[in-house]
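A.B. asks: Build the 3D model from these lines:
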Amino acid sequence: MHAIIVSAQGGPEVLEYVERPDPVPGAGEIVVDVAASGVNFIDIYHRSGTYPLDVPTPIGSEGAGTVSAVGPGVEGVAVGDTVAWVNILGSYAEKAVIPADRAVPVPDGVPADVAAAAMLQGMTAHYLTHSTHEVRAGENVLVHAGAGGMGQLLIQLAKLKGAKVYTTVSTAEKEKLAREAGADEVLRYDDFAATLRNTIDVVYDGVGKATFEGGLEALRPRGLMALYGAASGPVPPFDPQLLNKHGSVFLTRPSLVHYIVERAELLQRASDLFGWIAAGRLTINVSHRYPLAEARQAHEDLAARRTTGKLLLIP
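C.D. replies: Predicted coordinates:
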């Protein structure tokens, strides 16, 4: 089979398209013929060393496909089943080995590539809007980078909960995408803080350094900021007294892994997402599909913010 490995930590040039032996499942594992694997900022963090890995190593943390082999002791999963997964390294490949208890069944009404695109960003949007801060009808929600894959999903899920959604974008083209996702008000990054000062119940921020202080200004007293990413760079150290200054606001830095520890929780979040997708209530905007061998280009495009929506690698 072919796969992408990280030969050393660094820029996109360290991604190598290599041939490797076909995997064999061990106890409690399955092998999946990968239909699609998602490209995410966490992959860039793994590649660059922001999140250090022992190299050389496989890369890619989300995908979906058809089970082709089942290891000893596996129950409830059979050859021919369509499954999806998240937070499993080695997903940039033609075949992936997945712990059976981390595999999520994909219903007939959801194509495998859409399931792959929904896992990391979809379940992140789910826990942010349902658990980190349970959005309620009538609340004011601010979603940064509303035209991106995560932004479009957060807008849609907040609207399903009955919120008024504000979002930030950088161009007129991206404004159109954010409005199509359901945003009520679309702002530019240079004026959102002054426009929204002290009015927002929850800020969902995957941008980081460039939007952090403005997001605190936008929060109402005792509002909450969920800082779930750092596309513009990490937030510099700051005095916690800053949170008091802005009205005893709350700040959290959540990660998906802590919201799907239990299999029941993993299955519930995936079931909700796949149900909304099948019913037409949630749209997954897959904007770019790259051949697996073009993983470097996908990383370059994502890092340069040349894309909107979700990026997939297709073996």
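A.B. asks: Tell me where the chain has helices.
C.D. replies: Assigned by DSSP state H, the helices in the chain fall at 41-48, 112-127, 149-160, 172-181, 192-196, 212-218, 241-245, 263-278, 295-303.
A.B. asks: ok, the spatially most central residue of the chain - contacts?
C.D. replies: The centre of the chain sits closest to Q121, judged by CA atoms, centre = their mean, with a distance of 2.5 Å. Taking CB atoms under 8 Å, 6 or more residues apart in numbering, we find Q121 in contact with 38, 40, 149-150, 153, 310. To be clear about C-beta, it is placed using only N, CA and C from the backbone, and glycine gets the same treatment.
A.B. asks: between those residues, which is nearest T211?
C.D. replies: Using CB to CB, M150 is the member of those that sits closest to T211, with 13.5 Å.
A.B. asks: For the closest one, grab the count of nearby residues.
C.D. replies: M150: 25 surrounding residues under other CB atoms under 10 Å.
A.B. asks: which one is it nearest to, not counting chain neighbours?
C.D. replies: Distances taken as CB to CB, 6 or more residues apart in numbering put Q121 closest to M150, at 4.9 Å, once the chain neighbours are dropped.
A.B. asks: And that neighbour, how far from L267?
C.D. replies: The gap separating Q121 from L267 is 18 Å, by CB to CB, to the nearest Å.
A.B. asks: Repeat that for K95.
C.D. replies: Distance, K95 to L267, by CB to CB: 24 Å.
A.B. asks: More neighbours: these two, which one.
C.D. replies: K95 (20 against 13).
A.B. asks: Quick check: pLDDT value at the nearest residue to G215 once chain neighbours are set aside.
C.D. replies: Nearest non-adjacent residue to G215, counting by CB to CB, 6+ apart: V203, 4.3 Å away. The score at V203 is 98. That number is its pLDDT.
A.B. asks: V203 and S271: what is the separation?
C.D. replies: From V203 to S271 the distance is 28 Å (CB to CB).
A.B. asks: neighbour-wise, which of these two wins?
C.D. replies: Set side by side, V203 and S271 show more neighbours around V203, with 29 against 13, by other CB under 10 Å.
A.B. asks: From T66, how far off is that one?
C.D. replies: Separation of V203 from T66 (CB to CB) stands at 40 Å.
A.B. asks: what does I30 give?
C.D. replies: Taking CB to CB as the measure, I30 falls 10 Å from T66.
A.B. asks: ok, the two, which is more surrounded?
C.D. replies: Of the pair I30 and T66, I30 is the one with more neighbours under other CB under 10 Å, namely 24 against 15.
A.B. asks: In contact with the more buried one: list those residues for me.
C.D. replies: By CB under 8 Å, 6+ apart, the contact set of I30 is 67, 69-71, 74, 77, 83, 97-98, 100, 103.
A.B. asks: 6 Å instead, please
C.D. replies: Residues counted as contacts of I30 (CB atoms under 6 Å, 6 or more residues apart in numbering) are 67, 70, 77, 98, 100.
A.B. asks: Could you do L312 as well?
C.D. replies: 36, 117, 286, 289.
A.B. asks: go on, R222?
C.D. replies: S248.
A.B. asks: now do 8 Å
C.D. replies: Contacts for R222 (CB under 8 Å, 6+ apart) come out as 247-250.
A.B. asks: now V169
C.D. replies: So V169 contacts 145-147, 175, 177-178, 186-188 (CB under 8 Å, 6+ apart).
A.B. asks: Mind giving me the PyMOL select for these, buried ones only?
C.D. replies: Listed next is the PyMOL selection for buried residues among the contacts of V169, using 16 or more other CB atoms under 10 Å:
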select buried, resi 145+146+147+175+177+178+186+187
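A.B. asks: Spatially nearest residue to G206 (excluding sequence neighbours)?
C.D. replies: G229 (3.4 Å).
A.B. asks: Is it correct that that neighbour is in contact with K209?
C.D. replies: No: G229 lies out of contact with K209 (CB atoms under 8 Å); the separation is 10.8 Å.
A.B. asks: Look at those two and report which has more neighbours.
C.D. replies: Neighbours were counted for G229 and for K209 using other CB under 10 Å; G229 has more, 23 against 13.
A.B. asks: Report how many residues lie close to L142.
C.D. replies: By the criterion of other CB under 10 Å, L142 has 30 neighbours.
A.B. asks: Mind pulling up the pLDDT for it?
C.D. replies: For L142, the model assigns a pLDDT of 99.
A.B. asks: Show the contacting residues for it.
C.D. replies: Each residue near L142 by CB under 8 Å, 6+ apart is listed here: 165-168, 192, 196, 200, 202-204, 215, 218.
A.B. asks: will you turn these into CSV that also has distance to I4?
C.D. replies: Below are the contacts of L142 laid out as CSV (distance: CB to CB, whole Å):
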residue, distance to I4
V165, 36
Y166, 37
T167, 32
T168, 32
F192, 37
L196, 41
I200, 39
V202, 36
V203, 34
Y204, 30
G215, 34
A218, 39
